[in-house]
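Asks: turn this into a model:
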Amino acid sequence: MSYSEVQRLDCQGVPTIEYRVEQPIPERIQFDFIPRFPHDQYGYSDPKYVFCEQVILVSQWQECQDNQYDFFDEYQVYYICALELEEYSLTQKTLYEPPSWKYGIRGTNGTKELIWFEENELISIKEINSEDQEF
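Replies: Below you'll find the predicted structure:
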């Protein structure tokens with residue numbers, strides 16, 4: 001455990017230093033990619049979801065909302081297992097529409113097959129929890 005100096009105080013002429021415990025920084029691994037069309041008219045966005053983020057299918061979430069079901073009793077939470085950047089180009093020189101991210105999840109634990117989804121087809125548990133806290 002490490003400590004960091006927060007402030008120096010003088011109390012009745014006696015100098016004291018206040019220390020606080022530093023919170024550990026979670027280890028992160030970052031992947032960089034090089035766009036094939038970096039100077040094109042379309043910008044490259046960061047992915048909305050990251051590896052191992054917990055997500056659910058929007059269609060299942062909406063069904064539970066409409067019918068007042070408890071989602072976690074009815075459906076499964078998935079983890080993002082893969083990300084793919086799709087660059088749409090016909091000429092190999094320019095893009096004809098903005099690049100987008102696809103997210104791979106495993107339908108069943110222990111399988112190797114991935115099912116691919118677009119951003120609008122998934123919602124993260126963090127997003128759901130933040131929506132619940134707003135009300």
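Asks: can you point me to the longest strand in the chain?
Replies: strand 78-88 (DSSP state E).
Asks: which secondary structure elements does the helix or strand just after it sit against?
Replies: Downstream of strand 78-88, the first helix or strand assigned by DSSP states H and E is strand 97-105. Counting contacts by 3 or more CB pairs under 8 Å, 6 or more residues apart in numbering; DSSP states H and E, strand 97-105 is packed against strand 78-88, strand 115-118. All C-beta spots, glycine's among them, are computed from the backbone N, C-alpha and C.
Asks: and the strands in the chain, which stretches?
Replies: 3-11, 14-21, 54-57, 78-88, 97-105, 115-118, 122-124.
Asks: of all those, which one is nearest Phe33?
Replies: For Phe33, the closest of the strands of the chain is strand 78-88, at 6.4 Å, according to CB to CB.
Asks: any idea how far that closest one is from the chain center?
Replies: Counting by CA atoms, centre = their mean, to the nearest Å, strand 78-88 is centred 12 Å from the centre of its parent chain.
Asks: what's it packed up against?
Replies: Strand 78-88 packs on strand 54-57, strand 97-105, going by 3+ CB pairs under 8 Å, 6+ apart.
Asks: partner strands of the longest one and their direction?
Replies: Read it as strand 97-105. If you go by DSSP bridges, strand 97-105 pairs up with strand 78-88 (antiparallel), strand 115-118 (antiparallel).
Asks: weakest of those in terms of mean pLDDT?
Replies: Mean pLDDT per stretch puts strand 78-88 lowest among those, at a mean of 88.
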